[in-house]
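*Asks:* Using only what follows, build the 3D model:
(one chain, ligands or ions: 1)
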Amino acid sequence: MRLTLSSVYRPYSFPTLLKSSSFSTLCRPFCSSALSSSPTCVKPQVPLFLRQPIYSTKLCELKKWHDWAKGVAFSIGSTFVDSDNGPDSSLLCRELKWLMEDAVEDHSMIVKDDDSDERVKMRVGIEELYCLWKQRVQERRPFQYVVGCEHWRDLVLSVQEGVLIPRPETELLVDFVDDVVSENEDLKRGVWADLGTGSGALAIGIGGVLGSEGRVIATDLSPVAVAVAAYNVQRYCFQDKIELREGSWFEPLKDMEGKLAGLVSNPPYIPSKDISGLQAEVGRHEPRVALDGGTDGMDALLHLCDGAALMLKPAGFFAFETNGEQQCRALVDYMENYRNGSFCNLEIRSDFAGILRFVIGFHQ
Ligand SMILES: C[S@@+](CC[C@H](N)C(=O)[O-])C[C@H]1O[C@@H](n2cnc3c(N)ncnc32)[C@H](O)[C@@H]1O
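*Replies:* The predicted structure is shown next:
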């Protein structure tokens, strides 16, 4: 089976990149205060739109690059790209516009005459812009890695190689938590865990729907993910609410046995045999550790169920994302037959596309 764009990878889904000044003022230099232990030293990259505009480029040079990049976008399918269902010209033209918006301080300048000697301030040198566009088109580097960020719910999250780009369907996990905590003060005040946090998307989203006393512990095996999540946590000033711990699944949570109010995870769930058929942007560039769920894709999901039975307090809530209906049904079956009837109120929920995607429920 070839996993296509719509099943595992959504192209950039927002009409424009948000660069409000109020957002930029939230941004602070990275420091590791969100981390509970010192991780491997990984320096997160600053997203393009947050870099200083230190480059001065002639408008005619920028125009030349833009025309070249547009030409490349239109020659898609004949010159550069592979024959899988990758980006088409219209998507690339939209991405080109977004790249301009991020790279050029005043991108409205581009409509001016190109014989003008006027200069524009840019956040990246013109040579690097050529490189970035070639990487996008020739190497199928995801656009989000090119610009170093992804829009997710009301957040703009830093992402880079080594960290999964958060997907729109995962946003629903935060809604499920929001629904549950709005009816249960005890859960709203409790400690939640986001296992396999990646960019920290779920942890930050859930941090925003918990009460002032509620906390989130976010874990990941990948030091790059932990560093990038810490950067994002810092930018949204959630250091006091979200703690990052590096390690495998429940291993960094030994002190939380029977104490967690809630548990969410979007674990790796793609069957190993399907990895080679993934769209190039995903299979070639996103970390395998974030994708590969073992023979049937269920390795991490089953491990998470076992851990949920141990770590959740009575009436604690959990929500897991899966690959689709088959995995949802297998997971519910596993949990229904779990020893001592550990779980109750199990439900399968759909994503935005109507695909059965999530399993939610409570600890007994
Ligand atoms: C599908 S990604 C999800 C990332 C993020 N939660 C999101 O939704 O965008 C799965 C994450 O699980 C992490 N992971 C894989 N194996 C792990 C393990 N044994 N322990 C902890 N995290 C793990 C990966 O590094 C990756 O960040």
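*Asks:* C-alpha only now, for contacts and for neighbours.
*Replies:* Fine.
*Asks:* Burial check on R339, number of neighbours?
*Replies:* Neighbour count for R339, taken as other CA atoms under 10 Å: 11.
*Asks:* Distance check, it against D306.
*Replies:* For R339, the distance to D306 under the criterion CA to CA, to the nearest Å works out to 10 Å.
*Asks:* Mutual contacts of the two, please.
*Replies:* Taking CA atoms under 8 Å, 6 or more residues apart in numbering as the contact criterion, no residue touches both R339 and D306.
*Asks:* Now do the phi/psi pair for V191.
*Replies:* Listed backbone geometry of V191 is phi -100, psi 130, with angles given as degrees, to the nearest 10.
*Asks:* Identify the residues contacting stretch 165-185?
*Replies:* Surrounding stretch 165-185, the residues in contact under the criterion CA under 8 Å, 6+ apart are 9-10, 144, 150, 152-153, 159, 187-188, 198-199, 201-202, 205-206, 209-210, 264, 266, 286, 317, 319-321, 351-352.
*Asks:* Any of these buried? List them.
*Replies:* Burial by neighbour count, judged by 16 or more other CA atoms under 10 Å, picks out 9, 144, 150, 152-153, 159, 187-188, 198-199, 201-202, 205-206, 209-210, 264, 266, 286, 317, 319-321, 351 from those.
*Asks:* ok, stretch 137-157 near the ligand or not?
*Replies:* No: using CA under 6 Å from any ligand atom, stretch 137-157 stays clear of the ligand, coming no nearer than 9.4 Å.
*Asks:* quick check, distance from the strand or helix carrying D179 to the centre of its chain.
*Replies:* Assignment of secondary structure by DSSP states H and E places D179 within helix 171-182. The chain centre lies 17 Å from the centre of helix 171-182; the measure is CA atoms, centre = their mean, to the nearest Å.
*Asks:* Neighbours of the nearest residue to K58 once chain neighbours are set aside, how many?
*Replies:* Nearest residue to K58, sequence neighbours excluded (CA to CA, 6 or more residues apart in numbering): R119, at 4.3 Å. The burial metric for R119, expressed as a neighbour count using other CA under 10 Å, is 15.
*Asks:* Begin at 172, not 1, for the rest of this chat.
*Replies:* Done: numbering now begins at 172, and the last item shifts to R290.
*Asks:* In this structure A401 contacts G369, no?
*Replies:* No: using CA atoms under 8 Å, A401 is not in contact with G369, being 10.1 Å away.
*Asks:* What about the contacts of stretch 336-356, which are in strands?
*Replies:* Secondary structure of those is defined by DSSP state E; positions in strands are E321, W323, V435, F488, A490, F491, E492.
*Asks:* Is A364 in a helix, a strand, or coil?
*Replies:* Following DSSP: H, G, I helix; E, B strand; the rest coil, the label given to A364 is strand.
*Asks:* any idea how far E492 lies from P339?
*Replies:* Taking CA to CA as the criterion, E492 is separated from P339 by 12 Å.
*Asks:* what's the answer for L366, then?
*Replies:* According to CA to CA, L366 and P339 sit 18 Å apart.
*Asks:* More neighbours: which of the two?
*Replies:* In terms of neighbours (other CA under 10 Å), L366 is the more surrounded of L366 and P339; the figures are 27 against 17.
*Asks:* does that one have beta-bridge partners, and which?
*Replies:* Beta-bridge pairing of L366 under DSSP bridges involves T390, S436.
*Asks:* what's downstream of the helix or strand of the chain with the lowest mean pLDDT, the next helix or strand?
*Replies:* One helix or strand of the chain scores below all others by mean pLDDT, DSSP states H and E: helix 192-196, with a mean of 27. Tracing the chain past helix 192-196, the next element assigned as helix or strand by DSSP H and E is strand 226-229.
*Asks:* Give me the helices and strands touching that next one, please.
*Replies:* Using 3 or more CA pairs under 8 Å, 6 or more residues apart in numbering; DSSP states H and E as the contact test, the elements touching strand 226-229 are strand 290-293.
*Asks:* what's the strand it packs on packed up against?
*Replies:* Packing partners of strand 290-293 (3+ CA pairs under 8 Å, 6+ apart): strand 226-229.
*Asks:* Next, the buried residues of the strand it packs on.
*Replies:* For strand 226-229, the buried set under the neighbour-count rule, 16+ other CA under 10 Å, comprises Y226, S227, T228, K229.
*Asks:* could you give me the average pLDDT of that strand?
*Replies:* Confidence for strand 226-229, expressed as mean pLDDT, is 94.
*Asks:* Mind listing the strands that strand pairs with, and their directions?
*Replies:* Each strand that pairs with strand 226-229, with its direction, by DSSP bridges: strand 290-293 (antiparallel).
*Asks:* which is the next helix or strand following the partner strand?
*Replies:* Next helix or strand after strand 290-293 toward the C-terminus (DSSP H and E): helix 297-308.
*Asks:* Thank you, goodbye.
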